[in-house]
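> just coords:
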């Protein structure tokens, strides 16, 4: 399997594959590349409907140039604890960002969440996020506000009274609960429409069926999230089966 960065010719083949409606796995097979490489390439360059090979190639060259500049200033990659490979960590962070984006999360919000999620402390200040991501403070503020509204990030103060943005170990539990509860208003307003449109009419029946479906999904999601957190949640240094992890 070839390694290294994608060539311009490979990007052109990706664009042709997308135009033909091929899945990422098939494009990857034809290029003898991992599917994750193709997924990351497409999602970071406009997505399947907006991907352009020439623009993607130039964007990659610009990112590489910025990394070289940052490295020459000595501030591009923070030192990794626990003997981690810095390049492997960076590649993983890019992959996880791509996955979050593919699930519908905006790019900057995905980058901030990944940054927080992959630090051992689980929290960073705004200035630390700005330095790591090389973006403006306004971009960080906007991203954090969005993530906070989704129950995925919380604000806290450290001993120096600096505001820190943190993710808890049960971040996905919090996010799922917030998402489920956001359906409450949709259910209520759908049921209001039944009275307005007339019970038994096709439109009212459609709204009632939607309300019942969403109500059931909401209750099931909350119940499943509660059960999963109770049964599956592990703490650092603990194996998934609840035993002490090996050093």
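Happy to help now that I have it. If you're wondering where the values come from, they're calculated on a predicted model, not measured in any experiment.
> I'd like to know how far residue 7 sits from residue 57.
Applying CB to CB, to the nearest Å, the value for residue 7 to residue 57 is 8 Å. Heads up, the C-betas are built off the backbone N, CA and C, glycines and all.
> who has more neighbours, those two?
residue 57 (19 against 12; other CB atoms under 10 Å).
> can you pull the contacts of the more buried one?
Residue 57 is in contact with 8, 11, counting by CB atoms under 8 Å, 6 or more residues apart in numbering.
> Which strand or helix spans it?
According to DSSP states H and E, residue 57 maps onto helix 53-72.
> what separates residue 52 from residue 111, distance-wise?
Following CB to CB, the distance that separates residue 52 from residue 111 is 22 Å.
> Look up how far residue 202 lies from residue 193.
Counting by CB to CB, the separation of residue 193 from residue 202 is 12 Å.
> between those two, who's got more neighbours?
For residue 193 versus residue 202, neighbours defined as other CB under 10 Å are more numerous around residue 193 (16 against 9).
> And the pLDDT for that one?
At residue 193, the pLDDT value in this model is 93.
> Distance from the chain centre to the helix ranked longest in the chain, please.
In the chain, taking DSSP state H as the definition, the longest helix is helix 202-232. Distance, stretch centre to chain centre, for helix 202-232: 23 Å (CA atoms, centre = their mean, to the nearest Å).
> Counting by contacts, list what it packs against.
Packing contacts for helix 202-232, counted by 3 or more CB pairs under 8 Å, 6 or more residues apart in numbering; DSSP states H and E, involve helix 171-181, helix 183-197.
> ok, the closest residue to residue 5 other than its chain neighbours - how many residues close by?
Closest residue in space to residue 5, ignoring its immediate chain neighbours: residue 60 at 6.9 Å, by CB to CB, 6 or more residues apart in numbering. Residue 60 has 17 neighbouring residues, counting by other CB under 10 Å.
> Residue 190 versus residue 60, what's the distance?
Computed with CB to CB, the distance linking residue 60 and residue 190 is 46 Å.
> do residue 216 as well
For residue 216, the distance to residue 190 - CB to CB - is 13 Å.
> Which one of these two is surrounded by more residues?
Neighbour tally, residue 216 and residue 190, criterion other CB under 10 Å: the higher count belongs to residue 190, 21 against 11.
> So, low pLDDT: which residues of the protein?
1-3, 63-79, 233-247 (pLDDT under 70).
> Kindly state the domain boundaries assigned to it.
8-72, 86-166, 171-232 (automatic domain parsing).
> Okay, now the second one: how far is its last residue from its first?
Using CA to CA, to the nearest Å, the gap from the first to the last residue of domain 86-166 comes to 22 Å.
> And it, how far out from the chain middle?
Centroid separation for domain 86-166 versus its chain: 10 Å, with CA atoms, centre = their mean.
> Could you do the last one as well?
In terms of CA atoms, centre = their mean, the centre of domain 171-232 is found 24 Å from the chain centre.
> Could you report the separation of the residue nearest the centre of the chain from residue 137?
The centroid of the chain falls nearest to residue 100 when counting by CA atoms, centre = their mean (2.3 Å). According to CB to CB, residue 100 stands 22 Å off from residue 137.
> go on, residue 81?
For residue 81, the distance to residue 137 - CB to CB - is 26 Å.
> With residue 131 instead?
On the measure of CB to CB, residue 131 and residue 137 end up 11 Å apart.
> Neighbour count for the two, which is higher?
residue 131 (15 against 11).
> Residue 89 and residue 81 touch, don't they?
No: assessed by CB atoms under 8 Å, residue 89 is found out of contact with residue 81, at 10.2 Å.
> Which of the residues in the helix or strand where residue 98 lies are classified as buried?
If you go by DSSP H and E, residue 98 is part of helix 86-102. For helix 86-102, the neighbour count (16 or more other CB atoms under 10 Å) marks 93, 94, 95, 96, 97, 98, 99, 100, 101, 102 as buried.
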